[in-house]
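J.: Sequence first, predicted model second:
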Amino acid sequence: MACRISELVLDCADPERLAAFWCEVLGYVELDREDDGSIEIGPPGTGFGGPQPTLVLSPSDDPRPGKLPLHIDVSPTDRDQDAELARLLALGARPADVGQTGEENWHVLADPEGNAFCLLRRRVDPVPPA
């Protein structure tokens with residue numbers, strides 16, 4: 001028996017703002033809200049326990065934006081990398097420098113709170129096979 005990732009939790013100053021951003025980036029919807037202000041988002045129609053992990057945006061008085069020890073990589077599903085980059089920048093992402101050389105075939109970006117993530121070049125199917 002093995003484990004699989006079911007949730008990723010991101011401490012943040014503004015869960016509402018990041019939930020809206022990541023819902024647009026990933027095509028996710030809001031699944032749940034906790035009394036502590038946490039917002040869980042995930043794939044529509046599947047949610048927690050489905051083939052893709054959900055994302056929990058957890059309020060914190062001490063979020064640590066920047067180059068996280070764990071970061072999110074995203075891949076375009078229905079357009080090329082340049083078109084997806086333009087879409088992400090329009091949503092509020094911005095270029096980030098974490099020491100890349102400029103020769104990479106991916107883009108390092110930051111979400112609205114400054115958390116680094118990467119846009120990969122390779123397109124993937126919108127929904128993983130069951």
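T.: Looks like it came in fine.
J.: all helices in the chain, in order from the N-terminus.
T.: With DSSP state H applied, the chain shows helices at 15-26, 81-91, listed in chain order.
J.: looking at those helices, which is buried most?
T.: Looking across these with neighbours counted as mean count of other Cβ atoms under 10 Å, the highest average goes to helix 15-26: a mean of 19. Where you see a C-beta, it was placed from the backbone N, CA and C, and this is true even at glycine.
J.: Format the helices of the chain as a markdown table; extra columns: distance to Leu109 and mean pLDDT.
T.: Formatted as a markdown table, the helices of the chain follow (distance: least, Cβ to Cβ, whole Å; pLDDT from 0 to 100):
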| stretch | distance to Leu109 | mean pLDDT |
| --- | --- | --- |
| helix 15-26 | 10 | 96 |
| helix 81-91 | 6 | 95 |
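J.: Tell me where the protein is predicted with low confidence.
T.: When the per-residue scores of the chain are filtered using pLDDT under 70, the ranges that remain are 1-2, 63, 65-69, 127-130.
J.: let's see it at 80
T.: Where the chain drops to pLDDT under 80, the residues are 1-5, 47-50, 62-71, 122-130.
J.: Can you dump the C-alpha atoms of stretch 84-96 in CSV for me?
T.: In CSV, the C-alpha atoms belonging to stretch 84-96 read as follows (Å, rounded to 0.1, in the frame of the first residue of the first chain):
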residue,chain,number,x,y,z
GLU,A,84,-0.6,30.4,-20.7
LEU,A,85,2.1,32.7,-19.5
ALA,A,86,0.1,35.7,-20.8
ARG,A,87,-3.0,34.4,-19.0
LEU,A,88,-1.3,33.8,-15.7
LEU,A,89,0.3,37.3,-15.8
ALA,A,90,-3.2,38.8,-16.5
LEU,A,91,-4.5,37.0,-13.5
GLY,A,92,-1.9,38.7,-11.2
ALA,A,93,1.1,36.4,-11.4
ARG,A,94,4.4,38.1,-11.9
PRO,A,95,7.9,37.0,-13.0
ALA,A,96,10.1,35.8,-10.1
